[in-house]
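S.K.: pasting the sequence and the predicted coordinates here, then a few questions.
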Amino acid sequence: MRNLSFFSLLLCSGCLLAGGPDPNGQITGPGAAEGALSGPPSNSSSDPDRFTHLPRLLWDDAGHVIGAPARWDRSDWMTAGAGVAVVLGTGLLLDSSVDRFMARHANASWDRVAKDLQNLGSTPSVFIAGGTYLAGVAFKDPEVRATGIDTMVTMGLAQLLLTIPLKVVVGRSRPSAGQGTNDFHPLNGGESFPSGHTTQAFALASVIAEHADTPWVSCVSYGLAGLVGVARMEQRQHFMSDVVAGGLIGTFVGKAVVAYNQSLRANWHSKVSVSFAPTFQPGGYGLSLAVKF
């Protein structure tokens with residue numbers, strides 16, 4: 001039920017654009033029990049999800065993403081290699097045939113649908129991320145708030161660190177240019193590889209999927225992101241390998257950012273805990289408070 005309300009809130013945000021201290025450092029009353037309520041005050045200056053800390057978080061996450069290969073083990077390198085192989089294989093085997101299929105089956109109805117779908121990979125996705133953060137603040141839901149922050153960071157890093165530089169370096173012409181699949185002008189050409197819209201859509205989808213951690217939410221999120229890639233191919237703005245590369249970039253950065261930021265949040269929450277518990281004694285009852293530093 002929590003995941004349902006979480007995902008519904010996310011979609012809506014997009015549309016709406018008493019004692020003394022003991023030796024352990026606790027302040028306790030008689031009969032205190034732990035675990036009734038825990039967590040630091042929301043206005044703590046160390047809270048990684050405060051919007052005012054976004055530039056610092058962006059910087060820290062950028063270092064984490066850039067330095068990721070240095071921490072990879074053999075399985076990570078094999079996964080990365082498989083991703084590269086999939087992109088190259090798609091380019092060699094499917095780019096031409098899929099582009100011809102899209103050109104032959106173009107029609108006004110599908111064109112209108114594609115133009116609407118591709119918006120999920122552009123400016124509206126930024127409004128969804130910002131709206132999600134504001135919804136988390138308004139409803140005091142730390143998970144939704146964290147999702148908004150992680151989405152904004154992921155989209156920014158995926159584009160700035162990987163997608164935009166690759167566009168410049170590769171210089172591939174778009175399908176609409178009519179130059180075929182092998183027209184490359186490194187540092188002086190097109191912007192087809194990889195797909196920025198698909199990168200953005202999969203960045204959004206991966207963060208939602210990681211935070212919700214529910215199969216149906218993941219399926220819906222990644223499914224919509226995939227449709228963005230299809231829409232970009234229908235619009236003759238990208239070949240299939242451009243879309244696959246954009247999807248892999250968005251997913252990689254999204255997963256890396258969420259995992260790292262969740263560890264930061266866990267460390268922050270471990271610094272302070274607050275507990276309340278009822279107390280019963282002869283002649284009366286009350287409430288005990290425990291604060292652990």
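M.R.: Noted; the coordinates are in hand.

S.K.: can you tell me which residue is nearest the centre of this protein?
M.R.: Val207 (2.7 Å; C-alpha atoms, centre = their mean).

S.K.: shouldn't it be in contact with Gly254?
M.R.: Yes: using C-beta atoms under 8 Å, Val207 makes contact with Gly254 at a distance of 4.8 Å. (C-beta placed from N, C-alpha, C; glycine too.)

S.K.: intersection of neighbour lists for those two?
M.R.: By C-beta atoms under 8 Å, 6 or more residues apart in numbering, Val207 and Gly254 have these common neighbours: 150, 154.

S.K.: buried stuff in the lengthiest helix in the chain?
M.R.: Longest helix of the chain, by residue count under DSSP state H: helix 240-269. Buried residues in helix 240-269, defined by neighbour count with 16 or more other C-beta atoms under 10 Å: 240-254, 256-258, 260-261, 264-265, 268.

S.K.: re the thing from before, check contacts around the residue nearest to the centre of the chain.
M.R.: Per C-beta under 8 Å, 6+ apart, neighbours of Val207: 147, 150-151, 154, 254, 257-258.

S.K.: list the contacts of Gln159.
M.R.: Shown in contact with Gln159 (C-beta under 8 Å, 6+ apart): 196, 199-200.

S.K.: in helices, which of these appear?
M.R.: 196, 199-200.

S.K.: ok, those vs Leu117, which is closest?
M.R.: Nearest to Leu117 among the ones in helices among the contacts of Gln159 is Gln200, at 12.7 Å by C-beta to C-beta.

S.K.: neighbours of the closest one, just the number please.
M.R.: Neighbour count of Gln200, defined by other C-beta atoms under 10 Å: 30.

S.K.: wait, it sits on Thr154?
M.R.: No: with contacts counted by C-beta under 8 Å, Gln200 stays clear of Thr154, the gap being 9.3 Å.

S.K.: gap between the closest residue to Gly121 other than its chain neighbours and Gly189?
M.R.: Closest residue in space to Gly121, ignoring its immediate chain neighbours: His197 at 3.1 Å, by C-beta to C-beta, 6 or more residues apart in numbering. From His197 over to Gly189 the distance is 19 Å, taken as C-beta to C-beta, to the nearest Å.

S.K.: model confidence over stretch 169-183, on average?
M.R.: What stretch 169-183 shows for mean pLDDT is 95.

S.K.: an error on my part: the question was meant for stretch 143-163.
M.R.: 94.

S.K.: re the thing from before, mind giving me the packing neighbours of the longest helix of the chain?
M.R.: helix 54-66, helix 74-93, helix 95-104, helix 142-157, helix 196-212, helix 215-234 (3 or more C-beta pairs under 8 Å, 6 or more residues apart in numbering; DSSP states H and E).

S.K.: can you report how many residues lie near the residue nearest to Gly121?
M.R.: 28.

S.K.: the one 5 residues further on now?
M.R.: Around Phe202 sit 33 other residues, with neighbours defined as other C-beta under 10 Å.

S.K.: wait, doesn't it sit right on Tyr222?
M.R.: Yes: Phe202 sits in contact with Tyr222 when judged by C-beta under 8 Å, with a separation of 7.4 Å.

S.K.: where does the stretch 51-200 of the chain dip in pLDDT?
M.R.: Applying pLDDT under 70 to the stretch 51-200 of the chain flags residues 51-52.

S.K.: enumerate every residue touching Glu240.
M.R.: That one is not Glu; residue 240 is Met. Going by C-beta under 8 Å, 6+ apart, Met240 touches 90-91, 94-95, 98-99, 233.

S.K.: please read the previous query as pertaining to Phe184.
M.R.: 170-173.

S.K.: between the residues you listed, which is nearest Asp60?
M.R.: Val170 (28.6 Å).

S.K.: which non-adjacent residue is nearest the closest one?
M.R.: Of all residues not flanking Val170 in the chain, Phe193 sits nearest, at 4.6 Å (C-beta to C-beta, 6+ apart).
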